[in-house]
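Colleague: Predicted model, plus sequence, below.
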Amino acid sequence: MTEATRRERLRADTEQHIRRQARALLVGHGRDAVTLRAIAREVGITAPALYRYYDSREDLLRQLCDDICTDLSAELNAIIAACGDTVVSDQVFAVCRGFRRWALAHPQEFTLVFASTEDTIGAHAPRERPDVVGDQFGRVFLQLAGRLIAGHPAPDPPTGTDVPESLHDDLAAFQKVLITAVNEHGAEVTPDVLGEEAIFHVVQCWVRLYGHVALEVFGRFPFAVSDPGAMFDSMIRRMIGEIGFQP
């Protein structure tokens, strides 16, 4: 091993150690506890020394978001693999349940990725490559949603879909992202199959899924719900049924 390679490996190990300590602070005490001073204390270096590895606290938090998304993506893909040859609608149901289960078990990580108020942090932070889905695990949902719609026996748009004219450009851009994500996973689809109405339906489904999970994680249901899991399952079945499947 050359001296340069050794230094690169040591740097990579230190960066991972810093992020592990940052994530431990996040999980144990919340986002506000993730400060450069606290991380430096846990790692055993000075706070200014952290700038050798990360430009700022925000830069470190962005990297932490990527780590969390990578882990969640692996968990959701494992769920898909465990489904075997079951129909796609069953896989969608399993993945949605898995996402809710993960969010409830990791509220601080969910909050950092999905509820960050800063524009530069979280699942919807801008990336250098706008053609890449911001959060890695989102590709799992895109893949499954596309396959579900592509496998519809009669690929008509969901009934009752009325796409606002002001969203046409946004949906056209997202259509390209979704088709690319689906095709990369071996399920060939075309714009005719994933038309504007279908894309709009996918977006609405994600909003409903995220909305329920966020309300549950943050304890913000507007009324007492004794069994939110049953409400969630019913919502997912309805969304799958709206595409034309019997869930």
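Modeller: Structure's in. What do you need?

Colleague: got any ranges where the chain has weak pLDDT?
Modeller: Counting by pLDDT under 70, the ranges of the chain that qualify are 1, 3-4, 117-137, 146-161, 185-187, 243-247.

Colleague: Tell me where it has helices.
Modeller: Listed in chain order, the helices of the chain (DSSP state H) span 3-29, 36-43, 57-83, 88-105, 107-114, 138-150, 168-183, 196-217, 228-243.

Colleague: which of the ones you listed sits most buried?
Modeller: Neighbour counts (mean count of other C-beta atoms under 10 Å) averaged over each of the helices of the chain peak at helix 138-150, with a mean of 22. In short, each C-beta sits where N, CA and C put it, glycine included.

Colleague: Now do the same contact list for residue 109.
Modeller: 23, 26, 27, 68 (C-beta atoms under 8 Å, 6 or more residues apart in numbering).

Colleague: Columns distance to residue 241 on top of those residues, output as JSON lines?
Modeller: As requested, the contacts of residue 109 are exported to JSON lines (distance: C-beta to C-beta, whole Å):
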{"residue": "23", "distance to residue 241": "38"}
{"residue": "26", "distance to residue 241": "38"}
{"residue": "27", "distance to residue 241": "37"}
{"residue": "68", "distance to residue 241": "32"}
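
Colleague: from memory residue 179 sits against residue 198, does it?
Modeller: No - with contact defined as C-beta atoms under 8 Å, residue 179 does not count as touching residue 198 (10.7 Å).

Colleague: domains of the chain?
Modeller: 1-54, 64-243 (automatic domain parsing).

Colleague: ok, the residue nearest to residue 11 when sequence neighbours are not counted - contacts?
Modeller: Counting by C-beta to C-beta, 6 or more residues apart in numbering, residue 11 lies nearest to residue 53, which is 7.3 Å off, once chain neighbours are set aside. Applying C-beta under 8 Å, 6+ apart to residue 53 gives the contacts 11, 14, 15, 18.
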